[in-house]
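Provided below are the primary sequence and the corresponding predicted coordinates.
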Amino acid sequence: VAALSGFASHRVPFVYDHMTLLVITLTALGFYKAWSAPLDAEDATAARWRGVLVAASVLGLSSFALAPDPPIHHFWQANFVFKPNHALAFGLVGLLSRGSLSRLSWLHLGLLQALLIWAFILDWAYALPGLLITALVASDRMAALGKAVVATIVGLVLSVPYLMHLLRDYNPVGQGEMPQIWRDQMGERLTSPYLWSLDLGPLLLLFVLGLIFAIRNAERHGTGFLLTGPLVALCYVIGLQIGFAPEPDEGFYYWRMVAGAGAGYAAWILSRESGKFSGRRGAIAFGLMLACSYPAYFNPVRDDRYFRRSSVPLDPQIEEASKWIRENTTVESVLISSEGVMLSGLTGRRFLMVRPDQTADRVAREGAEADILTSLDERTVRRAIARYGITHVVVDDRIRERYGEASRGLGNRRWFRPVFVNAFARIVAIRPAD
């Protein structure tokens, strides 16, 4: 997202708002590219229809659910709309979903894996077993397996900087407090095996048919990927029972994406007549997918849990404070506020803590915050300010509640300078040291 924004924070809102169109396009192209490639003497037109139906099913049918009130957002909403930064990986998943071992060199396959790791490492972890299964069922098994292993090593080596970054804060045996990754509370909503199976309704039936057809038709290039769906679902169902399931919603969505691909493949097989593909049947299948796809029946008032919250204008006092911060600070500024999540999004500025429970050195940062807001010793305050480069303090309601009388009168201390006040917050700037 930063790269697409030219590393300029003021462009991020525009880029993020338009990324949905980008990721939908990339997802469709990735799955179409992989599944439309003809094998051996296969008819090229029939192969292109296969790519169309698989891509259409991934985009539309993967969000299908029988539950009238699902515990988490639908695949379409949660990824294409709310998390397009995660969905950037789906096009790469599509490219890896079929035939990559036969068409790509070990270097190109390694580069593709590296891109997927950098884009969204969990999708790479889900898709990797599919590559290994594909290699094991290939006609030249040892050569294919060797290529897959070497390419995976190359992908990991090229991802070392990113992996080191992740291990710093997301290491399950490290110092950081990251319960939303390894012990995600969202998992409590997904513990029912029903949600991972029968809730898919017709989509599950089509997927099973697609998997059977793929195995019977010796569709070796796509079978490995299709098998990763139920494998991921099974691992999460078991993991959730013992309280260990990293980002269960992402595994849930990946399984539905795979189910969509299998359903599209089944639709392509069912579109054939006497073993030969029928364009008319393919068009009918495509039309049915459009009619049954999530965007076709989506009702924002009923289905979008953020609709009402997004329809209520922001408090003018919050907008006024945010405008002041944007106009009177720089991207190098670091602020203190208990509303860091909201204000960082509205201003593009950095905060000492945005989500305290996701901060690896939370204790140290909370200690520095307490020193800055309560200490009357200037050296103690300056030391805490210098450690994190603090430039401003936003004294909002929750800051006042947390520190009480100790946080009052900040503007009277000679190392602070009052710069803004309204009903939402009082902002003080740090005076330069003498």
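Received the coordinates, thanks.

contacting residues around the most centrally placed residue in the chain?
In the chain, the centroid-proximal residue (C-alpha atoms, centre = their mean) is residue 86; its distance is 2.9 Å. Going by C-beta atoms under 8 Å, 6 or more residues apart in numbering, residue 86 touches 79, 120, 123, 250. The C-beta positions use only the backbone N, C-alpha and C, and glycine is treated the same way.

go through those and name the one nearest residue 95.
Distances from residue 95 to the contacts of residue 86, taken as C-beta to C-beta, are shortest for residue 123 (11.8 Å).

what about the residue nearest to the centre of the chain, which helix or strand?
For residue 86, the element it lies in under DSSP states H and E is helix 84-87.

packing partners of the next helix or strand after that helix?
Per DSSP H and E, the first helix or strand lying C-terminal to helix 84-87 is helix 90-96. If you count contacts as 3 or more C-beta pairs under 8 Å, 6 or more residues apart in numbering; DSSP states H and E, helix 90-96 packs onto helix 12-35, helix 44-60, helix 106-119, helix 121-136, helix 248-270.

if we use 6 Å, what do you get?
helix 12-35, helix 121-136 (3 or more C-beta pairs under 6 Å, 6 or more residues apart in numbering; DSSP states H and E).

do you know which of these lies nearest residue 281?
helix 12-35 (17.2 Å).

pull out the buried positions in that closest one.
12, 15-16, 19-20, 22-24, 26-28, 30-35 (16 or more other C-beta atoms under 10 Å).

next, the angle from it to helix 44-60.
Comparing the axes of helix 12-35 and helix 44-60 via axes from the mean of the first three to the mean of the last three C-alpha atoms, to 10 degrees yields an angle of 140 degrees.

next one: helix 12-35 to chain centre, how far?
What separates the centre of helix 12-35 from the centre of its chain is 13 Å, taken as C-alpha atoms, centre = their mean, to the nearest Å.

hey, C-alpha coordinates of that helix in PDB?
Coordinates of each C-alpha in helix 12-35 appear next as PDB, following Å, rounded to 0.1, in the frame of the first residue of the first chain:
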ATOM      1  CA  VAL A  12      -3.000   6.400   1.100                       C
ATOM      2  CA  PRO A  13      -6.800   7.100   1.500                       C
ATOM      3  CA  PHE A  14      -7.200   7.500  -2.300                       C
ATOM      4  CA  VAL A  15      -5.200   4.400  -3.100                       C
ATOM      5  CA  TYR A  16      -7.000   2.300  -0.500                       C
ATOM      6  CA  ASP A  17     -10.400   3.400  -1.700                       C
ATOM      7  CA  HIS A  18      -9.600   2.300  -5.200                       C
ATOM      8  CA  MET A  19      -7.700  -0.900  -4.400                       C
ATOM      9  CA  THR A  20     -10.900  -3.000  -4.500                       C
ATOM     10  CA  LEU A  21     -11.100  -2.600  -8.300                       C
ATOM     11  CA  LEU A  22      -7.400  -3.500  -8.600                       C
ATOM     12  CA  VAL A  23      -7.500  -6.700  -6.400                       C
ATOM     13  CA  ILE A  24     -10.700  -7.900  -8.100                       C
ATOM     14  CA  THR A  25      -9.000  -7.500 -11.500                       C
ATOM     15  CA  LEU A  26      -5.800  -9.200 -10.300                       C
ATOM     16  CA  THR A  27      -7.700 -12.100  -8.700                       C
ATOM     17  CA  ALA A  28      -9.700 -12.700 -11.900                       C
ATOM     18  CA  LEU A  29      -6.600 -12.500 -14.100                       C
ATOM     19  CA  GLY A  30      -4.500 -14.800 -11.800                       C
ATOM     20  CA  PHE A  31      -7.100 -17.600 -11.700                       C
ATOM     21  CA  TYR A  32      -8.000 -17.200 -15.400                       C
ATOM     22  CA  LYS A  33      -4.300 -17.300 -16.400                       C
ATOM     23  CA  ALA A  34      -3.700 -20.600 -14.500                       C
ATOM     24  CA  TRP A  35      -6.900 -22.400 -15.400                       C
END
